[in-house]
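> okay, predicted coordinates and the sequence, questions at the end:
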Amino acid sequence: MKYNWQLPNWPKFIFDDSILDSLCIDFALETGEMKGLVDSLSTEIQQETILQFMISEAIKTSEIEGEFFSRQDVMSSIKKNLGIEDSSGHIRDKNAQGIGKLMVTVRNSYSEKLSEFIIKQWHAILMEYSRYVSPGEYRVGKESMQIVSGSFGKEIIHFEAPPSVQVPHEMKEFIKWYNDFEIKETDIKNALIKTSISHLYFESIHPFEDGNGRIGRAIAEKCLSDSLNRPVLMSISSTIEQDKKRYYQSLKQAQRTLEITDWIFYFSKLTLESQKNAKQTVLFTLNKTKFIDKFKNMMNERQRKAVFKIFENGISGFEGGMTALKYVSLTKTSRATATRDLQDLAEKSILTPRGEGRSRSYDLNLL
C-alpha cells in the first residue's frame, strides 16, 4: 500500500473538473443570495450573524477531533478577541480560548498571503495551552505519524504521513503551490478546486503532532474566502460533523491516489451544503432580532435571561428544551416561580410547551 506522497508524481494531482459544472451554478446562486441577504442586515445583526458562525465552526471543528467545549467559553473567547466583551470574563477551559482566538485570527487574515509563518502562528494560538505538543512547531522524531483507529492490538492504519524530516520541505512546496494557484474573483470552479485540494494536500503532509484537522479546515476556510475575495459566512465543520464517517472515508481514499476527482466533488458538495446551511443560520439570527424586539417588554428579568439562554444555543436550540429545573438553575429562583414564569411565557406565545407533568419542556415559538 502506497500513500499519495509516496507516488512518483506527488504532488501533481489529476482530476476531471467537468464534474463541478452544475454544482458551480448552484454555488454561485447560493453565495449570491447569501451576500444579498447579509448586505440587507443592519450592522448590529451582521455582527451577531458573524459571531454565530464563528462559534459554530469553533465548536464543531473541535468536536470532530473529540474535544467538547462549552458554548459559553467559546463565545466569551471570540467576543474577547473581537473586542466586544470585557476581557476580564472568566473562560473556564483554556483550550476553548485557543480555538476561539483562532477563528477570529483566520477571519481577519483571509486576504493575507498564506505562509508557513501564518500556519505556525495559527497552530501556536490553537495549542497555546496544550501540555503535550510544541505550539507552532512542526513535528520531530523518528516515529512514523500514523492515523489509526481500533482497540489496542487491533489497530487499523488509515494513513501514514511523510516522515518528520520531510515536513519542512513538503510545507515549503505546499505554500508555493498554494500561492502559485491564482484565481480570478468570479472563477467559482477553480475556487472550489483549490479549496478542496488545499485541505487534502495539507492533511496529507500532517505537519504537526496534533491539531492538523483543525488547522486544515481553517486553511480551507481561508482559501475559499481568499478566492472569493470576501470572508465566507459558513461553517464547513458543522456540515462535516453531520456525517463524520463519510468525511474520513473520502479523505482516506483520496490519500491513496493522485487522481482526486471524487474528492474534489465530495468536498465541493460539502462546501455547497455548508453555504445552504449558512442561509438558515442568517434567517434564524434575523428572526431572533424580530422576536426579541416584539416580546422583550412582555417579559420580566428572569424570563428574559431564560429566553436569551435558549437563543445562545443557536439554530439547533436548547437540548431537551427549557424545563422548570433548568429555569431554577439558570435564574436562581424557586420551583413554583419557575413553573409560573414558564406558563406565563407559554400563554404569551413566547414559548411552546411539549409533554406533560415532570416531562414538560418548552421551546421558542419562532413561527
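Cool, the structure landed.
> hey, where'd the helices end up in this structure?
Ranges of helices in the chain, per DSSP state H, are 21-39, 43-64, 71-82, 94-108, 116-126, 167-180, 188-205, 212-228, 236-242, 244-254, 261-295, 301-312, 324-331, 335-347.
> what about residue 128, how many residues nearby?
15 (other C-beta atoms under 10 Å). Backbone N, C-alpha and C define where each C-beta goes, glycine included.
> same question, residue 352
With other C-beta under 10 Å as criterion, residue 352 counts 15.
> got TSV for the helices of the chain, with mean pLDDT and mean neighbour count too?
Shown next, in TSV, are those (pLDDT from 0 to 100; neighbours: other C-beta atoms under 10 Å):
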stretch	mean pLDDT	mean neighbour count
helix 21-39	91	14
helix 43-64	85	20
helix 71-82	83	21
helix 94-108	88	22
helix 116-126	96	19
helix 167-180	98	15
helix 188-205	97	23
helix 212-228	94	24
helix 236-242	91	22
helix 244-254	94	16
helix 261-295	90	18
helix 301-312	87	17
helix 324-331	91	17
helix 335-347	93	16
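> closest to residue 133 out of those?
Smallest distance to residue 133 across the helices of the chain (C-beta to C-beta): 8.6 Å, for helix 116-126.
> does anything pack onto the closest one? Which helices or strands?
Judged by 3 or more C-beta pairs under 8 Å, 6 or more residues apart in numbering; DSSP states H and E, the packing partners of helix 116-126 are helix 94-108, helix 167-180, helix 212-228.
> now these in a markdown table, with distance to residue 242?
Formatted as a markdown table, the helices and strands packed on helix 116-126 follow (distance: least, C-beta to C-beta, whole Å):
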| stretch | distance to residue 242 |
| --- | --- |
| helix 94-108 | 19 |
| helix 167-180 | 28 |
| helix 212-228 | 14 |
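> and of these, who's closest to residue 8?
Using C-beta to C-beta, these put helix 167-180 closest to residue 8, at 15.2 Å.
> which non-adjacent residue is nearest residue 304?
By the measure of C-beta to C-beta, 6 or more residues apart in numbering, the closest residue to residue 304 outside its immediate chain neighbours is residue 296, 6.6 Å from it.
> before we move on, what's the pLDDT of the one you found?
Per-residue pLDDT puts residue 296 at 86.
> re earlier: so which of the helices and strands packed on helix 116-126 is nearest residue 302?
Residue 302 sits nearest to helix 94-108 of all the helices and strands packed on helix 116-126, at 27.4 Å, using C-beta to C-beta.
> how about residue 20, what does it touch?
Neighbour list for residue 20: 189, 192, 193, 264, 265, 268 [criterion: C-beta atoms under 8 Å, 6 or more residues apart in numbering].
> and the furthest pair within the residues you listed?
For the contacts of residue 20, the farthest-apart pair by C-beta to C-beta is 189 and 265; their separation is 11.9 Å.
> now stretch 34-47 - C-alpha only, PDB.
Output of stretch 34-47 as PDB, limited to C-alpha atoms (Å, rounded to 0.1, in the frame of the first residue of the first chain):
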ATOM      1  CA  MET A  34     -26.400  34.900   0.900                       C
ATOM      2  CA  LYS A  35     -24.400  38.000   0.100                       C
ATOM      3  CA  GLY A  36     -27.600  39.900  -0.700                       C
ATOM      4  CA  LEU A  37     -29.300  38.700   2.500                       C
ATOM      5  CA  VAL A  38     -26.300  39.700   4.700                       C
ATOM      6  CA  ASP A  39     -25.900  43.000   3.000                       C
ATOM      7  CA  SER A  40     -29.500  43.900   3.800                       C
ATOM      8  CA  LEU A  41     -28.900  43.300   7.500                       C
ATOM      9  CA  SER A  42     -28.200  46.100   9.900                       C
ATOM     10  CA  THR A  43     -24.600  46.400  11.200                       C
ATOM     11  CA  GLU A  44     -25.600  45.000  14.600                       C
ATOM     12  CA  ILE A  45     -27.300  41.900  13.100                       C
ATOM     13  CA  GLN A  46     -24.400  41.400  10.700                       C
ATOM     14  CA  GLN A  47     -22.100  41.300  13.800                       C
END
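> what's in contact with that stretch?
Residues from elsewhere that reach stretch 34-47, judged by C-beta under 8 Å, 6+ apart: 49, 84, 230, 233, 275, 278, 279, 282, 283, 285, 286, 289.
> residue contacts, the fifth one?
Listed by C-beta under 8 Å, 6+ apart, the contact partners of residue 275 are 27, 30, 31, 34, 232, 234.
> could you do the second one as well?
Contacts for residue 84 were tallied using C-beta under 8 Å, 6+ apart; they are residue 47.
> burial count for residue 350?
Neighbour count of residue 350, defined by other C-beta under 10 Å: 20.
> roughly how far does residue 128 sit from residue 97?
According to C-beta to C-beta, to the nearest Å, residue 128 stands 8 Å off from residue 97.
> so what's residue 299 closest to, chain neighbours aside?
Nearest residue to residue 299, sequence neighbours excluded (C-beta to C-beta, 6+ apart): residue 307, at 6.6 Å.
> report how many residues lie close to the closest residue to residue 206 other than its chain neighbours.
Using C-beta to C-beta, 6+ apart and skipping residues adjacent in sequence, the residue nearest residue 206 is residue 161, 3.7 Å away. Applying other C-beta under 10 Å, we find 22 residues neighbouring residue 161.
> residue 161 contacts residue 138, doesn't it?
No: look at residue 161 against residue 138 with C-beta atoms under 8 Å: they stay out of range, at 11.3 Å.
> thinking again about what came up before, and the two most separated of the contacts of stretch 34-47?
Maximum pairwise distance in those, criterion C-beta to C-beta, is 25.6 Å, between 84 and 275.
> assess the claim that residue 257 and residue 4 are in contact.
Yes: the pair residue 257 and residue 4 qualifies as a contact (C-beta under 8 Å) at a distance of 6.5 Å.
> who has more neighbours out of these two?
residue 4 (21 against 16).
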